[in-house]
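Participant: dropping a prediction and its sequence here:
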2 protein chains.
Amino acid sequence: MARIVMKFGGTSVADLDRIRFVADRVAAEAERGNEVAVVVSAMAGATNRLVGWTQEMSVVHDAREYDAVVSSGEQVTAGLLAMALQQRGVSARSWLAWQLPLSTDGVHGAARIEQIDGSELVQRFADGQVAVIAGFQGLGPDNRITTLGRGGSDTTAVAIAAAVKADRCDIYTDVDGVYTADPRVVTSANKIDKITYEEMLELASQGAKVLQTRSVELAMNHRVRVQVRSSFSDAPGTLVVDEDEILEQAVVSGITYTSDEAKVTLRNVADRPGVAAAVFGPLADANVNVDMIVQSASPDGVHTDITFTVARGDLERTAQILDDRKQEVGYQQLMADGDVVKVSVIGVGMRSHAGVAQQMFQALSDRGINIQAISTSEIKISVLIAAEYTELAVRTLHAAYGLDAA
Amino acid sequence: MARIVMKFGGTSVADLDRIRFVADRVAAEAERGNEVAVVVSAMAGATNRLVGWTQEMSVVHDAREYDAVVSSGEQVTAGLLAMALQQRGVSARSWLAWQLPLSTDGVHGAARIEQIDGSELVQRFADGQVAVIAGFQGLGPDNRITTLGRGGSDTTAVAIAAAVKADRCDIYTDVDGVYTADPRVVTSANKIDKITYEEMLELASQGAKVLQTRSVELAMNHRVRVQVRSSFSDAPGTLVVDEDEILEQAVVSGITYTSDEAKVTLRNVADRPGVAAAVFGPLADANVNVDMIVQSASPDGVHTDITFTVARGDLERTAQILDDRKQEVGYQQLMADGDVVKVSVIGVGMRSHAGVAQQMFQALSDRGINIQAISTSEIKISVLIAAEYTELAVRTLHAAYGLDAA
């Protein structure tokens, strides 16, 4: 017997037939003697319709009213799934955030979970009752409904799992797990059986869309064992777990890429103290997130070039901000390039293995791919390259690190 | 300055444009310096869609889950209307039943309101904030959402008006008030300016569909002044008030008819004690509501005929029940007639005026309309006639009691 949280997204509960299908899966877990809580999203399309109404009603609207309107979608799914389970002879009831309560802070539209009272759920597990929980929603300190932001149901599921000390949190999606690379790019990509929280976090933030970054952070902080698996198959998916649980670490677990990057280069910046602050201070003030930064060695000791990346959506704003401060910063020319991608290799094994970065640079160099910027973390190396090389670079690195072998 | 509750039904908030139109009306009341609470139904069609889903999911379903699903419609309207008001510069917020709370008993799907805490609303009125309240829903003793049954938003509105001691509760509908007769039948029907609770109650239960019977009872018990008025015009509607407020009472206020009646006659029933119990006991046990009952004088002292009416939908069941007990009751023949209507004249003035019934019988007799059964209350006389005479009877009585004159 295990205590399991199951999470189904909008496409998995898109219509009554899909909800019945989900009920079958949940009933099967319950009939195996497991204690089950299910977290559901709104039926696919419902949230978009509700969000559309709020936008049509008023472009700048009260986030509290937005939350009241938009959270209704999950409420409907939870009630319908509870009914479907009951019809299968499974004891079940729906739970809304204010009923648990699942308490959040007061940031309507993007609230953070602060506390969950799971005691009632645990008590009812003992009576064999399945809890069907409306995802994405919370109860704010103002006694009003909050929402957790897009994709928040993943976060609800992990938080519920932490609150009831579940053995596992299964996130059902339309893919059957996490892959060593995007299978649309690398046909030899393999499903990863087990991956660490840290790697999953890097994968999530570096373009792998299977899990919300926030939910991985939460899982890591509370050591919740998360499984990413397919709604449409019984095959085990990818288990996201603590490093200790993985006996043999691959040096590199996966290759990702993000294409929503843009590169900005300031030519002939005065090479003096304070110039970095003059460039990046105003961007930070404007909430522009700067990722990679490269300052080339000054050839003459007087001028230098500064290259950095921002999200592509922020490129125009960035150029505007720096153009307004051209005198103040003191640069000759601003060059913007939206035609770049960031390719990353991720793996906790690289902590204990030297030469992982060198191997990356060499492999790319052998293919004639020029590296425009580099950034690294303890378990990740990212390089910025011209967009046209994306697929070639990902495939090259996938092979170079031995990930092609099944 | 007055404190006003405004209630808008599903067709009045059917889409975003209608909600904007409602917002204009509410804003106008607020800008006149009034304290305003608005009660809204779900957008027309929303409730039917949600109810349809619950039925499709499971024919016999958990009423608690039904309530969770179906109540979401009003939640959406309340949030959207609050947004629309804010956009017009009117301070407003949405309220769900569990937030007030509006407490009900635990009869999910058909709950009765037990208590409303209006203190927070009153406090916010003082700050100029309009309360937008989701109708139809309540909070049960089990801390779950209840619903009040179809048309329950009228009841919510009257109950809120009682709780905040409103000066008036305006029910906005697609007609501009209560008429002396159905204007589709009697072209000379007139809008009634003021009507008593008692009369409105009889009108509502005798076929006038403008107000839910329950909401009129509640208004009567708490002396809430209710106004039935049009969503599409500024003209005053019909005020439902205490008898004291109406200086000159009309003897008859209105003529109504209900066509969902059926007549049952048992021929040659043994005229002995206990026969009525033998007939009506089993019907009561089967929840068949019997309305008019006529027992003819026994011509031979041995046998008699018993005639009574039931709702047309109950006719088949009634015949079956009595057929099963033919020996026991001891009657010769059962005759059923679904082709009848009940026509009623209603007016508190008839308490103090003799001859009102006689006037009715004479007028119908003059037109050759045969009366098949009669029932009376203190302020109502109803007769059962053949359905083909419906319009003639209503028009005849409308003229006979002087209601044709504007």
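Facilitator: Received it, and whenever you're ready, just let me know what you need. Residues are numbered from 1 along each chain as shown, chains lettered A, B, ... in the order given.
Participant: name the helices or strands packed onto the helix or strand where A:Val5 lies?
Facilitator: When elements are assigned from DSSP states H and E, A:Val5 belongs to strand A:3-8. If you count contacts as 3 or more Cβ pairs under 8 Å, 6 or more residues apart in numbering or on different chains; DSSP states H and E, strand A:3-8 packs onto helix A:16-31, strand A:35-40, helix A:152-163, strand A:168-173. Placement of C-beta: from N, CA and C, glycine included.
Participant: want to throw these into TSV with mean pLDDT, mean neighbour count and distance to chain B?
Facilitator: Formatted as TSV, the helices and strands packed on strand A:3-8 follow (pLDDT from 0 to 100; neighbours: other Cβ atoms under 10 Å in any protein chain shown; distance: least, Cβ to the nearest Cβ, whole Å):
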stretch	mean pLDDT	mean neighbour count	distance to chain B
helix A:16-31	96	18	6
strand A:35-40	98	29	12
helix A:152-163	96	28	17
strand A:168-173	95	23	20
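Participant: for B:Met292, find the nearest of these.
Facilitator: With Cβ to Cβ as the measure, helix A:16-31 is the member of those nearest B:Met292 (44.7 Å).
Participant: show me the shaky parts of the stretch 101-250 of chain A.
Facilitator: Scanning the stretch 101-250 of chain A for pLDDT under 70 picks out A:207-208.
Participant: what does it put close to chain B?
Facilitator: Contacts of the stretch 101-250 of chain A with chain B, taken as Cβ under 8 Å from any Cβ of the partner chain, map to A:143-145.
Participant: quick one: buried ones out of those residues?
Facilitator: A:144-145 (16 or more other Cβ atoms under 10 Å in any protein chain shown).
Participant: and the residues of the stretch 101-250 of chain A next to chain B, which is closest to B:Gly89?
Facilitator: A:Arg144 (21.6 Å).
Participant: quick check: bridge partners of the closest residue to A:Ala157 other than its chain neighbours?
Facilitator: If the residues on either side of it in the chain are set aside, A:Ala157 comes closest to A:Lys7, at 3.6 Å by Cβ to Cβ, 6 or more residues apart in numbering or on different chains. Beta bridges link A:Lys7 to A:Val39, A:Ile171 when assigned by DSSP bridges.
Participant: need the contact list for A:Lys7.
Facilitator: A:38-40, A:135, A:153-154, A:156-157, A:169-172 (Cβ atoms under 8 Å, 6 or more residues apart in numbering or on different chains).
Participant: one more time with 7 Å
Facilitator: Applying Cβ atoms under 7 Å, 6 or more residues apart in numbering or on different chains to A:Lys7 gives the contacts A:39, A:135, A:153-154, A:157, A:169-172.
Participant: which of the residues you listed sits closest to A:Ala270?
Facilitator: The closest of the contacts of A:Lys7, once distances to A:Ala270 are taken by Cβ to Cβ, is A:Asp154, at 46.5 Å.
Participant: would you list the contacts of A:Lys7 in TSV and tack on distance to B:Ser12?
Facilitator: Below are those laid out as TSV (distance: Cβ to Cβ, whole Å):
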residue	distance to B:Ser12
A:Val39	36
A:Gly135	32
A:Ser153	34
A:Asp154	39
A:Ala157	39
A:Cys169	45
A:Asp170	45
A:Ile171	42
A:Tyr172	41
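Participant: nearest to A:Ser296 among these?
Facilitator: A:Asp154 (40.7 Å).
Participant: if we ignore the residues flanking it in sequence, what's nearest that closest one?
Facilitator: That would be A:Ser215: by Cβ to Cβ, 6+ apart, it lies 3.8 Å from A:Asp154.
Participant: residue of the stretch 101-250 of chain A closest to chain B, please.
Facilitator: A:Asn143 (6.0 Å; Cβ to the nearest Cβ).
Participant: on that earlier part again, closest to A:Arg3 out of the contacts of A:Lys7?
Facilitator: A:Cys169 (10.1 Å).
Participant: nearest residue to the closest one in space, please, no chain neighbours.
Facilitator: Using Cβ to Cβ, 6+ apart, the nearest residue to A:Cys169 is A:Ala161, at 3.8 Å.
Participant: the one you found touches A:Ile4, doesn't it?
Facilitator: No: in this structure A:Ala161 lies outside contact range of A:Ile4 using Cβ atoms under 7 Å: 8.4 Å.
Participant: buried residues, stretch A:314-324. List them.
Facilitator: Buried residues in stretch A:314-324, counted by 16+ other Cβ under 10 Å: A:314-315, A:318-319, A:321-322.
Participant: quick one: the strands in the stretch 301-406 of chain A, in order.
Facilitator: A:303-311, A:333-346, A:373-377, A:380-386 (DSSP state E, counting those that start in this stretch).
Participant: among those strands, which comes closest to chain B?
Facilitator: Of all the strands of the stretch 301-406 of chain A, it is strand A:303-311 that lies closest to chain B, at 29.5 Å by Cβ to the nearest Cβ.
Participant: paired strands for the closest one, with orientation please.
Facilitator: strand A:254-270 (antiparallel), strand A:290-295 (antiparallel).
Participant: next SSE after the first one?
Facilitator: Sequence-wise, the next helix or strand beyond strand A:254-270 is helix A:275-285, with elements assigned using DSSP H and E.
Participant: output the contacting helices and strands for that next one.
Facilitator: Taking 3 or more Cβ pairs under 7 Å, 6 or more residues apart in numbering or on different chains; DSSP states H and E as contact, the helices and strands that helix A:275-285 lies on are helix A:315-324, helix A:326-329.
Participant: not counting sequence-adjacent ones, nearest residue to A:His222?
Facilitator: Nearest to A:His222 is A:Ala162, by Cβ to Cβ, 6+ apart, at 3.8 Å.
Participant: can you tell me how far that neighbour is from A:Gln115?
Facilitator: Separation of A:Ala162 from A:Gln115 (Cβ to Cβ, to the nearest Å) stands at 11 Å.
Participant: do the same with A:Ile385
Facilitator: 45 Å.
Participant: out of the two, which sits in the busier spot?
Facilitator: Set A:Ile385 next to A:Gln115 and count neighbours by other Cβ atoms under 10 Å in any protein chain shown: A:Ile385 wins out with 20 against 14.
Participant: quick one: contacts for that one?
Facilitator: Contact analysis of A:Ile385 by Cβ under 7 Å, 6+ apart lists A:340-341, A:343, A:369-372, A:393.
Participant: low-confidence ranges in the stretch 251-400 of chain A?
Facilitator: Those would be none, if you go by pLDDT under 70 across the stretch 251-400 of chain A.
Participant: what residue of chain A is the furthest out?
Facilitator: Note on chain A: the largest C-alpha distance from the chain mean falls to A:Asp300, namely 43.6 Å (Cα atoms, centre = their mean).
Participant: and that residue, its phi and psi?
Facilitator: Backbone torsions of A:Asp300, given as degrees, to the nearest 10, read phi -110, psi 0.
Participant: ok, so of the residues of the stretch 101-250 of chain A next to chain B, who is nearest B:Trp53?
Facilitator: A:Ile145 (21.4 Å).
Participant: isn't that closest one right up against A:Ser71?
Facilitator: Yes: between A:Ile145 and A:Ser71 there is a contact under Cβ under 7 Å: 4.9 Å.
Participant: A:Ala387: neighbour count?
Facilitator: So A:Ala387, with other Cβ under 10 Å, has 13 neighbours.
Participant: was I right to think it contacts A:Asp337?
Facilitator: No: judged on Cβ under 7 Å, A:Ala387 makes no contact with A:Asp337 at a distance of 9.3 Å.
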